[in-house]
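A.B. asks: pasting the sequence and the predicted model now:
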Amino acid sequence: MKYASFKTPDGRESYGIVDGDRVIDLGASRPQLPTLKDFMASAEFGKAANGKELKFADVKLLPVIPNPGKIICVGLNYQDHVKEMNRPDSEKPVLFMRGANSQMAHGDPLVRAKVTEKLDYEGELAVIIGKPGRYISKADALKHVGGYAPYNDGTMRDWQRHTHHWTPGKNFDNTGAFGPWMVTADALGDRATTFLTTRVNGEQMQRASLAQMIFSVEELIEYISGFTTLQTGDVIVTGTPGGVGDRRTPPLYLVAGDKVEIEIDGVGLLQNTVVQEA
Ligand code: MG
């Protein structure tokens, strides 16, 4: 089952079930559950539901979760990316945070701000927490996953390297693409045969199976919930494989007009085009 957040043709923010070229608008009749995050905490999540039917083409998508309580990103979680960045192996996951207002939807412009020369893509799997918890064990971790979505952890490499903390380079407005929708946890196939692929202008830049993560989804949930309560709607962005533009020869930084696609088998295809800030 697929869920998306969107604006309706009359400008109302809502969410619903995506079914082919239709969307069932669940938010319209559930004022007590105004956002997808609220709906995920309800007993209706994951079940067939009635609502007003809209055409998918008529809604304006929003980031899958427009208002997460927190977005925790994982750095250096694929071995080929650790190597290309010349980083040592780490015994614990490398984590940093992104603010919700750095996010945008599938189809929105990926903005190359006027103060950066080094906008780069990072194709990633986003895990959306469905059930809150603290001190979650690896064995129980997947019970806390509500769904999965493609994510582009768009990065300003110059701003990432101003100091040894990455926050500025990872938080520019309109650089964290999240969508087009999430699939419920049951829809993700065997991770060994589920591939994440990033393309720029149709050319493949990154490709890895989800089983190549150094710290698995289960290990990440166990570690993160060891220091913070994971809440419904929180997002864990699980790291990018090798092949980022910054490490290519010659380097490939994104410029206006570049089309970035991040596809995860059985999950979805996220597409954004780069626009230069005036
Ligand atoms: Mg990343």
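C.D. replies: Happy to help now that I have it.
A.B. asks: where does the chain get nearest to the ion, which residue?
C.D. replies: Nearest residue of the chain to the ion (C-beta to the ion) works out as Asp153 at 3.4 Å. C-beta here means a position set from N, CA and C on the backbone, and glycine is covered the same way.
A.B. asks: was I right to think that residue contacts Thr240?
C.D. replies: Yes - counting by C-beta atoms under 8 Å, Asp153 touches Thr240, with 6.3 Å between them.
A.B. asks: what helix or strand does the nearest residue to Lys92 once chain neighbours are set aside sit in?
C.D. replies: Sequence neighbours aside, Tyr223 is the residue nearest to Lys92 in space, at 6.7 Å (criterion: C-beta to C-beta, 6 or more residues apart in numbering). For Tyr223, the element it lies in under DSSP states H and E is helix 217-224.
A.B. asks: flag every buried residue along that helix.
C.D. replies: By neighbour count with 16 or more other C-beta atoms under 10 Å, helix 217-224 contains the buried residues 217-224.
A.B. asks: so what's the gap between it and the chain middle?
C.D. replies: Computed by C-alpha atoms, centre = their mean, to the nearest Å, the chain-centroid distance of helix 217-224 equals 16 Å.
A.B. asks: please shift the residue numbers so they start at 12 in all later answers.
C.D. replies: All set: I'll call the first residue 12, so the last point we hit is now helix 228-235.
A.B. asks: picking up where we left off before, what do Asp164 and Thr251 both touch?
C.D. replies: Counting by C-beta atoms under 8 Å, 6 or more residues apart in numbering, the shared contacts of Asp164 and Thr251 are 133, 135.
A.B. asks: circling back to that earlier point, excluding its backbone neighbours, what's nearest the residue of the chain closest to the ion?
C.D. replies: Glu133 (4.0 Å).
A.B. asks: roughly how far apart are that neighbour and Cys84?
C.D. replies: From Glu133 across to Cys84, the span is 9 Å (C-beta to C-beta, to the nearest Å).
A.B. asks: for Gly118, same thing?
C.D. replies: Counting by C-beta to C-beta - Gly118 and Cys84 are separated by 22 Å.
A.B. asks: settle it for me: which of those two has more neighbours?
C.D. replies: Set Gly118 next to Cys84 and count neighbours by other C-beta atoms under 10 Å: Cys84 wins out with 25 against 14.
A.B. asks: surely that one touches Val105?
C.D. replies: No - between Cys84 and Val105 there is no contact, the gap being 9.2 Å when judged by C-beta under 8 Å.
A.B. asks: so what's Tyr159 bridging to?
C.D. replies: Here Tyr159 sits in beta bridges with Val138, Val194, as judged by DSSP bridges.
A.B. asks: that one: neighbouring residues, count only.
C.D. replies: For Tyr159, the neighbour count with other C-beta under 10 Å is 25.
A.B. asks: ok, back up a step: pLDDT score for the residue of the chain closest to the ion?
C.D. replies: If you check Asp164, the pLDDT there is 98.
A.B. asks: now swap in Asn97 and tell me
C.D. replies: Predicted confidence (pLDDT) for Asn97: 88.
A.B. asks: list the contacts for the residue lying closest to Ser101 once chain neighbours are set aside?
C.D. replies: Once flanking residues are discounted, Ser101 sits nearest to Leu87: 6.7 Å by C-beta to C-beta, 6+ apart. Neighbour list for Leu87: 93, 96, 98, 101, 105, 225, 250 [criterion: C-beta under 8 Å, 6+ apart].
A.B. asks: around the ion, which positions in the stretch 62-211 of the chain sit nearby?
C.D. replies: Taking C-beta under 5 Å from the ion as the contact definition, the stretch 62-211 of the chain meets the ion at 133, 164.
A.B. asks: now the strands for the stretch 62-211 of the chain?
C.D. replies: 63-66, 71-72, 82-86, 105-109, 114-115, 121-123, 130-131, 134-140, 156-164, 166-167, 187-189, 193-195, 206-211 (DSSP state E, counting those that start in this stretch).
A.B. asks: out of those strands, which gets nearest to Asp269?
C.D. replies: strand 206-211 (5.8 Å; C-beta to C-beta).
A.B. asks: partner strands of that closest one, parallel or antiparallel?
C.D. replies: Partners of strand 206-211 in the sheet, by DSSP bridges, are strand 214-220 (antiparallel), strand 270-275 (antiparallel).
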